[in-house]
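Trainee: Need a 3D model of the sequence below.
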Amino acid sequence: MKDFSYFQNLTNEIGVTSEVHFPVMIVTGLERAHLREMVLFKSGEYGYVFSLHRDTVEILILSREAVLSGTEVVRTNSFVSIPVDETLLGMVIDPLGNPISNSHPLQVSTTVSLDMPQRPLYERTIIKKPLYTGVSIVDLLIPLGKGQRELVVGDRKTGKTSFALTLAREQAREGAVIIYAAIGKTQSDISRLQHFFESEKIDDFLIISSTSLDSPSLIFLTPYTAMSIAEYFSSLGREVVIILDDLSNHAKYYREISLISRRFPGRDSYPADIFYAHSQLLERAGSFMHPAQGEVSISCIPIVELVEGDLTGYISTNIMSMTDGHIFFDTNVFYNGRRPAINVSLSVTRVGSQTRGPLAQEIHQRLTAFMIDYEKVQTLAHFGADLNSGTQSMIKKGEMLNLFFGQNYKTTVPYLVQILFFGLIWNDIISEYSSAEVISLREGMLAVYDQRRFATDITAMDQITSFDEFLLQISTKSDILISLCRMAARSKTS
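Mentor: Below is the predicted model:
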């Protein structure tokens, strides 16, 4: 590790800390400093240049403790960068790349800068590969694509992180690298995240963590570190899913830094450049050309916490304008007992539908139209209106679909199982089943899928292009399909 004297001889320039407003240090004497350049204090703490003024430089210190006024500081002539390598997978690191978990030895040979230039437009491609989350209500009603930036928004404790973990499990099964940025979380939250990935036997994951005890300037770097690492694995030809949990917390720490540095506050006291801070981060995700793999993607799932379900908040509306849609976790839906607590009518996906085939698009259109009509009829039923047999059948089917859409975050439902089960419900084949029988049937179907016991023609059901042909095949094969599922459910129970 190079020391203070080495950098002093290298740059031939030394500064002095004149004011301390933790985490902002006002330094004089660094006339040739650059933005985002790393500096070293004589007491051993690192920082980086946050702002340049005529006679002074603002330094954000990365340690938990401030330095004393009068402490000498030198430039390092290098920008903020982190070590990165495939050996990092399976670890928990801080935003500077230092390991927090000791489960793997750190042997890293490459570094990447946090200020990577934006990829040019000619390297970007149209998003056309589906991103399956393993959550039925999302995959069928709010489809996503690889390379999409989809905001997950809602009040605290409504299931946002649980959804992100279910998505991570499904994408890890498909071979993607999972990058999880835990921004200003508690140590217990980070431990639970690590336990989740390890208990699910997911190897290709990396957690970039900063706790609420860390310096605000270190917390501010967390999502940028995660995105730089995601770009590194994308350059290797790997599909990457990056989860930013959460950007509302990130914005609060950035607001704290900006107010301490006496920047002019804007709406809700956030700095004027908060939009730029988030947009230049999220724009680094997408689908890109790769010389060996053809196409690779960085799919970004930013999470934002609302207050009392207010979708019109400053940070949430900012990020909605940057992303390709949002999934709204509604408190009212949560209190009604539905899991995941997603309000489909207030959720949006702008590019996900173009990644689906003709059958999936037809299922999406029919299912969306049906759920809208079902909500209207359900409202009338609450007023005690007389309902004819057709309306009663619609309510029964809607209840069955809601029962199917309900799932624990530990349950991942593959897309084939989703459409097979949808076909059974849509054709009224299981309309007389009780709630317990429906859940048991789904568990059996998941067991059959995991054991690869579906016949070849059933496995290829999602390749059918005609919706009517799909329903006909479901009717023809429903008996053998249900028999297989029941046997699997019984063997799983025993």
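
Trainee: ok, for residue 440, nearest residue in space, not its chain neighbours?
Mentor: In space, and not counting its chain neighbours, residue 440 is closest to residue 489: 5.0 Å by C-beta to C-beta, 6 or more residues apart in numbering. C-beta coordinates here come from the backbone N, C-alpha and C atoms, glycine included.

Trainee: got it, and residue 423?
Mentor: Setting aside the residues directly before and after it, residue 423 is nearest to residue 474 in space (C-beta to C-beta, 6+ apart), at 3.5 Å.

Trainee: Just confirm the one you found is within a helix.
Mentor: Yes - the assignment for residue 474 (DSSP: H, G, I helix; E, B strand; the rest coil) places it in a helix.

Trainee: which residues touch it?
Mentor: Residues in contact with residue 474 (C-beta atoms under 8 Å, 6 or more residues apart in numbering) are 420, 423-424, 426-427, 429, 461, 481.

Trainee: go on, residue 351?
Mentor: By C-beta under 8 Å, 6+ apart, the contact set of residue 351 is 127, 145, 148, 324-325.

Trainee: could those go into a markdown table alongside pLDDT?
Mentor: Shown next, in a markdown table, are these (pLDDT from 0 to 100):
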| residue | pLDDT |
| --- | --- |
| 127 | 95 |
| 145 | 96 |
| 148 | 97 |
| 324 | 95 |
| 325 | 96 |
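
Trainee: among these, which are in strands?
Mentor: Using DSSP state E, the members of these that fall in strands are 145, 325.

Trainee: and of the contacts of residue 351, the nearest to residue 98?
Mentor: Of all the contacts of residue 351, residue 148 has the smallest distance to residue 98: 31.5 Å, by C-beta to C-beta.

Trainee: Test my guess that residue 215 contacts residue 61.
Mentor: Yes - between residue 215 and residue 61 a contact is recorded at 6.1 Å, counting by C-beta atoms under 8 Å.

Trainee: where's residue 427 relative to residue 220, distance?
Mentor: According to C-beta to C-beta, to the nearest Å, residue 427 and residue 220 sit 53 Å apart.

Trainee: These two - which one has more neighbours?
Mentor: residue 220 (25 against 15; other C-beta atoms under 10 Å).

Trainee: So the more buried one belongs to a strand, correct?
Mentor: No - if the criterion is three-state DSSP, then residue 220 is helix and not within a strand.

Trainee: Now residue 270: closest residue in space that isn't a chain neighbour?
Mentor: The nearest residue in space to residue 270 (C-beta to C-beta, 6+ apart) is residue 255, at 5.0 Å.

Trainee: count of neighbours near the one you found?
Mentor: 20.

Trainee: what about it, which helix or strand?
Mentor: According to DSSP states H and E, residue 255 maps onto helix 247-260.

Trainee: just checking, next helix/strand downstream of that helix?
Mentor: helix 274-282.

Trainee: Now the phi/psi pair for residue 293, please.
Mentor: The phi and psi values for residue 293, taken as degrees, to the nearest 10, are phi -90, psi -10.

Trainee: try residue 81
Mentor: Dihedral angles (degrees, to the nearest 10) for residue 81: phi -140, psi 160.

Trainee: For residue 206, see how far away it is.
Mentor: Distance from residue 81 to residue 206, by C-beta to C-beta: 17 Å.

Trainee: got it, and residue 46?
Mentor: Residue 46 is 22 Å from residue 206, by C-beta to C-beta.

Trainee: Validate this expectation: the residue nearest to residue 440 resides in a helix.
Mentor: Yes - when classified by three-state DSSP, residue 489 is found to be part of a helix.

Trainee: which residues sit in contact with residue 25?
Mentor: 17, 19, 47, 58-61, 66-67, 73.

Trainee: Show me those residues that map onto strands.
Mentor: Per DSSP E, the subset of these in strands is 17, 19, 47, 58-61, 73.

Trainee: Please spell out the PyMOL selection for the buried subset of those.
Mentor: The buried residues among the ones in strands among the contacts of residue 25 can be selected in PyMOL (16 or more other C-beta atoms under 10 Å) with this line:
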select buried, resi 17+47+58+59+60+61+73
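
Trainee: hmm, back to that, quick one: pLDDT of the residue nearest to residue 423?
Mentor: Note for residue 474: predicted pLDDT of 91.

Trainee: three-state assignment of residue 298?
Mentor: Classified using three-state DSSP, residue 298 is strand.

Trainee: who's in contact with it?
Mentor: Going by C-beta under 8 Å, 6+ apart, residue 298 touches 147, 227, 230-231, 234, 240-242, 284-286, 288.

Trainee: And for residue 239?
Mentor: 146, 171, 174-177, 296-297, 299.

Trainee: how much space is there between it and residue 208?
Mentor: 18 Å.

Trainee: what does residue 423 give?
Mentor: Counting by C-beta to C-beta, the gap from residue 423 to residue 208 is 41 Å.

Trainee: Which of the two has more residues huddled nearby?
Mentor: When neighbours are counted by other C-beta under 10 Å, residue 423 and residue 208 differ, and residue 208 comes out ahead with 31 against 22.

Trainee: show me what contacts that one?
Mentor: Per C-beta under 8 Å, 6+ apart, neighbours of residue 208: 93-95, 179-182, 222, 225-226, 229.

Trainee: Okay, and which of those residues map to strands?
Mentor: Counting by DSSP E, these contribute 93, 179-182 to strands.

Trainee: Kindly present the residues you listed as a markdown table, with separate columns for pLDDT.
Mentor: Shown next, in a markdown table, are the ones in strands among the contacts of residue 208 (pLDDT from 0 to 100):
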| residue | pLDDT |
| --- | --- |
| 93 | 93 |
| 179 | 97 |
| 180 | 97 |
| 181 | 97 |
| 182 | 96 |
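
Trainee: Adding neighbour count and distance to residue 309, write the residues you listed out as JSON lines.
Mentor: Converted to JSON lines, the ones in strands among the contacts of residue 208 look like this (neighbours: other C-beta atoms under 10 Å; distance: C-beta to C-beta, whole Å):
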{"residue": "93", "neighbour count": "23", "distance to residue 309": "34"}
{"residue": "179", "neighbour count": "28", "distance to residue 309": "29"}
{"residue": "180", "neighbour count": "26", "distance to residue 309": "25"}
{"residue": "181", "neighbour count": "28", "distance to residue 309": "25"}
{"residue": "182", "neighbour count": "25", "distance to residue 309": "24"}
